[in-house]
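Chemist: Sequence and predicted model, in that order:
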Amino acid sequence: MECQIKNTRVYYEVYGEGLPIINLHGFTLDHRVLKGCMEPIFNKRSNFKRIYFDLPGMGKTKAESWIKNSDHMLELSIEFIKKIIPNQRYLIVSESYGSYIARGIIYKEPKHVEGALFICPVIKAEQNKRSLPNNDIPVTQPSIKMLDRRKKEIQPALEIADSVFLDEFKEVGYAFSFDVDGKIKKFEKPSLFLLGRQDLAVGYRDAWDIIEKYPDATYAILDLAGHNLQIEQEELFNLLVNEWLDRIESHLSINEN
C-alpha cells in the first residue's frame, strides 16, 4: 500500500487489528528488518495492528527533494501516522536510526504514544561522539539461521537503498536541529531498551544517559549481540518483547478501569 505525504508516496504494510504499532526501521534498511523480528511474536498474540513503512530513500519509498534532514524525516513520519491512524493512540517499535526518529515523535506527540521499544537505538547522531565498545571484542560465528535471516531481512534493503541520497543525508542532515533528549521531559509509559554488548555501530553506554527520562523502562544489555541484536539473540529478544507487550496490556487495562 502507499500513502501520499506531500509529493512523497510512502510504502507501508499493515497486519492484524487492535492497538496500532508503528514500526520505524534503521538507516539504509527498510520495513523488512522489523517485520522479520516482530511478526513471529504475533503468531501467539492478538489485539495489535502492526504498521510497517519505508522511510524516504529506503525500501520502496522514493526520496523527494524536500527531505533534506532528520527534521523533515520526523515531519513525514508524524504526518504518515496522522493520516493512517488519525487521532489514535499507538505504540512505537524502532531500530537504530528509527529510534532517533521515534524519540522525536515522543517529544512532538507525547499524548498519543502509549509505549516504546528501542532496539540498538541511535542516541548520539554524531558518530564521533558515540561511546563504542572496543573493536577487538570476540566475534561469534553466525549460525545458518542468522545468515538466512540477514539475507532475507537486511540484504535486500541495502541493495535497493538510494545511496546517493543517503550519503548526502548522513553528511549534512542526520542530526535533528534540536536536542531531542533534552526536549523530552519524562516518558512515563512502558518502554524497553535492547542494547548489544558488542554493538560497534551505536554501542550501549550512551543509552544510559537518558535512563531517567524513561522511569517505566526495562534496560537490557545482551551479550553476544551486535547491531543486529534481534537476529543474534532471537530467543532473548522474543522473551523481552513479549514481557514489554504484557506491561503494555496491563498499563492500558489499569488506565481504562
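Modeler: Arrived safely, thanks for sending.
Chemist: and the longest helix along the chain, which residues are buried?
Modeler: Using DSSP state H, we find that the single longest helix of the chain is helix 234-256. Neighbour counts using 16 or more other C-beta atoms under 10 Å place 234, 236-238, 240-241, 244-245, 247-249, 251-252 of helix 234-256 among the buried residues. Placement of C-beta: from N, CA and C, glycine included.
Chemist: want to throw the residues you listed into a markdown table with distance to Val113 and pLDDT?
Modeler: Shown next, in a markdown table, are these (distance: C-beta to C-beta, whole Å; pLDDT from 0 to 100):
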| residue | distance to Val113 | pLDDT |
| --- | --- | --- |
| Glu234 | 26 | 98 |
| Leu236 | 25 | 98 |
| Phe237 | 21 | 99 |
| Asn238 | 23 | 99 |
| Leu240 | 19 | 99 |
| Val241 | 17 | 99 |
| Trp244 | 14 | 99 |
| Leu245 | 15 | 99 |
| Arg247 | 14 | 98 |
| Ile248 | 11 | 98 |
| Glu249 | 16 | 97 |
| His251 | 12 | 94 |
| Leu252 | 13 | 93 |
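Chemist: State the pLDDT value of the residue nearest the centre of the chain.
Modeler: In the chain, the centroid-proximal residue (C-alpha atoms, centre = their mean) is Ser94; its distance is 1.3 Å. Predicted confidence (pLDDT) for Ser94: 99.
Chemist: which of the buried residues of helix 234-256 sit farthest apart?
Modeler: Spanning the widest gap among those are Glu234 and Leu252, at 26.8 Å by C-beta to C-beta.
Chemist: where along the protein do the helices fall?
Modeler: 32-38, 70-84, 97-108, 144-153, 155-160, 163-172, 180-183, 229-232, 234-256.
Chemist: Adding distance to Phe118, write those out as JSON lines.
Modeler: Below are the helices of the chain laid out as JSON lines (distance: least, C-beta to C-beta, whole Å):
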{"stretch": "helix 32-38", "distance to Phe118": "12"}
{"stretch": "helix 70-84", "distance to Phe118": "15"}
{"stretch": "helix 97-108", "distance to Phe118": "4"}
{"stretch": "helix 144-153", "distance to Phe118": "18"}
{"stretch": "helix 155-160", "distance to Phe118": "20"}
{"stretch": "helix 163-172", "distance to Phe118": "20"}
{"stretch": "helix 180-183", "distance to Phe118": "12"}
{"stretch": "helix 229-232", "distance to Phe118": "11"}
{"stretch": "helix 234-256", "distance to Phe118": "10"}
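Chemist: Quick one: closest of those to Ser191.
Modeler: Nearest to Ser191 among the helices of the chain is helix 234-256 (7.7 Å), distances taken as C-beta to C-beta.
Chemist: Show me what that closest one packs onto, helices and strands only.
Modeler: Applying 3 or more C-beta pairs under 8 Å, 6 or more residues apart in numbering; DSSP states H and E, one finds that helix 234-256 contacts helix 32-38, strand 113-119, strand 191-196, strand 217-222.
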